[in-house]
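Have a look; sequence and predicted model below, questions after that.
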Amino acid sequence: MTRVSDAIDDAHAEGRGVLVGYLPVGFPDLQTSIDAAVALAQNGADILELGPPYSDPVMDGAVIQEATQTALAAGFRTRDLFTAVREITSRVDVPVLVMTYWNMVLQYGVDRYADDLLAAGGAGLITPDITPEAAGDWIAASRRTGLDRVFLAAPTSTDERLDLVVQNSTGFVYTVSTMGITGERAELDAAARTLVERLRARGADHACVGIGISNAEQVRGVLRYADGAIVGTALVRALRDGGLDGLAETTRALAAGTRLRQDTTTDRASDK
């Protein structure tokens, strides 16, 4: 068991799914991004997902790209990530995952990155652009440090690929709801539910769905079959447009969708 999987199990024991909240580190500035992450945790996010700004964020939509460019222009450096994680984890008792493009880890040094993240109180990494068979150094470092490693599964993934993802992920499998970049969508693809069912059949204990979730009703719908809903763009927009107060209000609204009715809990359990 890990801190992330424990957070999911604790929520289940309370009759809830989990809300995973994403924010870029350094937006609109480093201290505000730290305060924003704390506000997420204090207003209903069960797991925090922090994104270090990257110059070529191929998976991110316009709202997140704009925020990360602002952070880079303000002088963000990788060392600032660990400063942020350290302060956040000193203020709130919520697991902090870092969602990072792999080149940033390689440039910093895989073992050094893992050690510094652990020392800062981080829980692990989400790695969207590296597959398990190419991540041997990270798998070894995460086993040594006890950090979670969260790999992605997509609707187009073969059964063989899902086997690799399930066997090598800890905490949860990041389940991509639709093909494409991050952003809000009026309707989530039905493929997400099918993908979660495929992951369950291949032994996944926990699966959280991301990309396209922007309101409490979508959170509630995802939690009918998945363990968690991952929200990014809606939160970044709330911080951009409404500051910390707007972010707190949006987080509370999203968290309202995590409490499950009895029939929903039964429905999700039947998929496992």
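Yep, it's here. Remember, predicted model here, so these are calculated numbers, not experimental data. Numbers count the residues shown, from 1 in each chain.

And the pLDDT at the closest residue to Val110 other than its chain neighbours?
Nearest in space to Val110, with sequence neighbours left out and distances taken as Cβ to Cβ, 6 or more residues apart in numbering, is Asp137 at 4.5 Å. Glycine gets a C-beta too; all of them are placed from N, C-alpha and C. Residue-level confidence at Asp137 comes out at 98, pLDDT.

what do you get for Gly146?
97.

check contacts around it.
Going by Cβ atoms under 8 Å, 6 or more residues apart in numbering, Gly146 touches 2, 118.

repeat for Asn215
Residues in contact with Asn215 (Cβ under 8 Å, 6+ apart) are 234, 253-254, 257.

Quick check: which element contains the residue nearest to Val110?
helix 136-145 (DSSP states H and E).

quick one: that helix to chain centroid distance?
In terms of Cα atoms, centre = their mean, to the nearest Å, the centre of helix 136-145 is set 19 Å apart from its chain centre.

for that helix, packing partners?
helix 110-120, strand 124-126, strand 148-150 (3 or more Cβ pairs under 8 Å, 6 or more residues apart in numbering; DSSP states H and E).

The last one pairs with which strands, parallel or anti?
For strand 148-150, the paired strands and their directions (DSSP bridges) are strand 124-126 (parallel).

ok, and what's touching the strand it pairs with?
Contact with strand 124-126 is made by 2, 4, 49, 95, 97-100, 105, 117, 138, 142, 147-150, 152, 170-171, 174, as judged by Cβ under 8 Å, 6+ apart.

same thing but at 7 Å, please
Contacts with strand 124-126, where a contact means Cβ atoms under 7 Å, 6 or more residues apart in numbering, come from 4, 49, 97-100, 142, 147-150, 171, 174.

wait, Gly203 sits on Val166?
Yes: between Gly203 and Val166 there is a contact at 5.3 Å, judged by Cβ atoms under 7 Å.

Looking at those two, which is more packed in?
More crowded of Gly203 and Val166, by other Cβ atoms under 10 Å: Val166, with 21 against 10.

re the thing from before, in the helix holding Asp137, what counts as buried?
Neighbour counts over helix 136-145 (16 or more other Cβ atoms under 10 Å) mark 138-139, 141-142, 145 as buried.

now for these, which pair is the farthest apart?
Ile139 and Thr145 (11.3 Å; Cβ to Cβ).

overlap in contacts of the two?
Joint contacts of Ile139 and Thr145 (Cβ under 7 Å, 6+ apart) do not exist.

low-confidence ranges in the stretch 151-272 of the chain?
178-189, 261-272 (pLDDT under 70).

Adjacent strands (with direction) for the host helix or strand of Ala229?
Per DSSP H and E: Ala229 is located in strand 228-231. Sheet pairing for strand 228-231, assigned by DSSP bridges, gives strand 18-24 (parallel), strand 207-210 (parallel).
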